[in-house]
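Student: got a predicted model here, sequence first, then my questions.
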Amino acid sequence: MIRKRKTLLKWLVALALVVVPVVLVVVPFVRSGMVMGGYIEYSAAELLNRKGFDWRTAQTGHVFVYFEPGTHAEKMLEKLKRVNEAAYDSNLRLLDCDAYPEKLHTFAVDSREKMKRLIHYETNGKAFPRHHTACFVVSESIWAATAHELFHVMHHQLWGQAGFKKWHWLSEGMAVNADEKWQGQDPHGFCGQLHEKGELIPLSQLCDRFGSASPMITYPQAGSFVRFLYEEYGVAKLRELWQQGHQAMRGVFSQDLSQLEKAWLARIARAGEPPSHAARTLLR
Ligand SMILES: [Zn+2]
């Protein structure tokens, strides 16, 4: 009996040695930024308090703009404010909503290295939807302050989180579509060129395994496909898809994915032509 108790005690001590350090490491992380969609979300207050930054604040009607003195963002502040405010308006229109309930927060840093120091991740842009916050690099060579990241924030807040983890292609496709251009080109035209070179991936792969190919293919492809769905079916159907997932595609569009793929490929072959009636209504 005593031996059994000793064994049990040993197991409990071993378990505590494993569990306690894990809790000590993970809990502060979760508290310092809420974890969502596989990454930590930071609030504007946390980012403003990050050591090594000297933030200044400007604002428009709907957006706080944080930047540092002496940076390209400060030099281009008026443009930055204009772009953020325009993104607010166009994103609302794409989401078919009248207003956003909170003021948005945007942080402009002047390099990817600075971004890494700010959010612990090296990238050109990042959205933290739970905190109404987006960060982007604004420098002489990189201008990431477009509608894309603010779209993620507004999309997830206004349409709900339903598709965020499960339908990554749809989340990114909608954000890519929010920018008029992908690398300076219309996404349909860009995909038309990829198609000619045989570089597009099947839509079934895009929807089920978004991360299985290069982002240089998957992002514009998702953006073009989403733009096609907007053009042909309108925003209400896109919203239904967001809430139900692409498994419900046939129910939402009365077409299965292979039929939609055929129509989309025909659309990108006519990339230079204006969009159909639905898009004209949307872009009014
Ligand atoms: Zn994105």
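Tutor: That came in fine, so what should we check first?

Student: what's the nearest residue to residue 43 if we skip its chain neighbours?
Tutor: Distance criterion CB to CB, 6 or more residues apart in numbering; nearest residue to residue 43, sequence neighbours excluded, is residue 131 at 4.2 Å. (C-beta placed from N, C-alpha, C; glycine too.)

Student: do I have it right that the one you found meets residue 41?
Tutor: Yes. Using CB atoms under 8 Å, residue 131 is in contact with residue 41, at 5.8 Å.

Student: quick one: which of those two has more around it?
Tutor: residue 131 (21 against 18; other CB atoms under 10 Å).

Student: so what's that one up against?
Tutor: Residue 131 makes contact with 34, 41-44, 105, according to CB atoms under 8 Å, 6 or more residues apart in numbering.

Student: closest one to the ion out of those residues, please.
Tutor: residue 41 (14.0 Å; CB to the ion).

Student: the closest residue to that closest one other than its chain neighbours: neighbour count?
Tutor: With sequence-adjacent residues excluded and distances taken as CB to CB, 6+ apart, residue 41 is closest to residue 128, at 4.1 Å. Residue 128: 27 surrounding residues under other CB under 10 Å.

Student: does residue 128 really touch residue 150, like I thought?
Tutor: No. In this structure residue 128 lies outside contact range of residue 150 using CB under 8 Å: 11.2 Å.

Student: any residues of this structure in contact with the ion? List them.
Tutor: On the criterion CB under 5 Å from the ion, the ion has as its neighbours in the chain the residues 172, 175.

Student: and if we set it to 6 Å?
Tutor: 148, 152, 172, 175 (CB under 6 Å from the ion).

Student: what sits up against the helix or strand encompassing the last one?
Tutor: Secondary structure assignment for residue 175, by DSSP states H and E: helix 168-178. By CB under 8 Å, 6+ apart, the residues outside helix 168-178 that reach it are 87, 90-91, 94, 146-149, 151-152, 155-156, 163-164, 182, 187, 206-207, 210-211, 218-220, 222-223, 225-227, 230, 238, 241-242, 246.

Student: so which of those residues belong to strands?
Tutor: Of the contacts of helix 168-178, none are assigned to strands by DSSP state E.

Student: for the stretch 51-200 of the chain, which residue gets nearest to the ion?
Tutor: residue 175 (4.3 Å).

Student: for residue 246, what are its contacts?
Tutor: Taking CB under 8 Å, 6+ apart as the test, what residue 246 contacts is 167, 169-170, 207, 257.

Student: reformat these as JSON lines; add pLDDT.
Tutor: What follows is the contacts of residue 246, written out as JSON lines (pLDDT from 0 to 100):
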{"residue": "167", "pLDDT": "83"}
{"residue": "169", "pLDDT": "93"}
{"residue": "170", "pLDDT": "93"}
{"residue": "207", "pLDDT": "92"}
{"residue": "257", "pLDDT": "94"}
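
Student: identify, from the residues you listed, the entry nearest to residue 111.
Tutor: residue 169 (29.4 Å; CB to CB).

Student: for residue 189, see how far away the closest one is.
Tutor: Relative to residue 189, residue 169 is positioned 20 Å away (CB to CB, to the nearest Å).

Student: looking only at neighbour counts, state which of these two leads.
Tutor: Counted by other CB under 10 Å, residue 169 and residue 189 do not tie: residue 169 has more neighbours, with 25 against 16.

Student: the helix or strand containing residue 266 - contacts with which helices or strands?
Tutor: Per DSSP H and E, residue 266 falls inside helix 257-269. Secondary-structure packing of helix 257-269 (3 or more CB pairs under 8 Å, 6 or more residues apart in numbering; DSSP states H and E): helix 187-196, helix 203-208, helix 215-233, helix 249-253.

Student: tabulate the ones you listed in JSON lines, adding columns for distance to residue 11.
Tutor: Listed next are the helices and strands packed on helix 257-269 as JSON lines, based on distance: least, CB to CB, whole Å:
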{"stretch": "helix 187-196", "distance to residue 11": "57"}
{"stretch": "helix 203-208", "distance to residue 11": "42"}
{"stretch": "helix 215-233", "distance to residue 11": "46"}
{"stretch": "helix 249-253", "distance to residue 11": "50"}
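
Student: tell me which of these sits most buried.
Tutor: Burial of the helices and strands packed on helix 257-269 is given as mean neighbour count (mean count of other CB atoms under 10 Å); helix 215-233 ranks first at a mean of 23.

Student: between helix 168-178 and that helix, find me the angle.
Tutor: 80 degrees (axes from the mean of the first three to the mean of the last three CA atoms, to 10 degrees).
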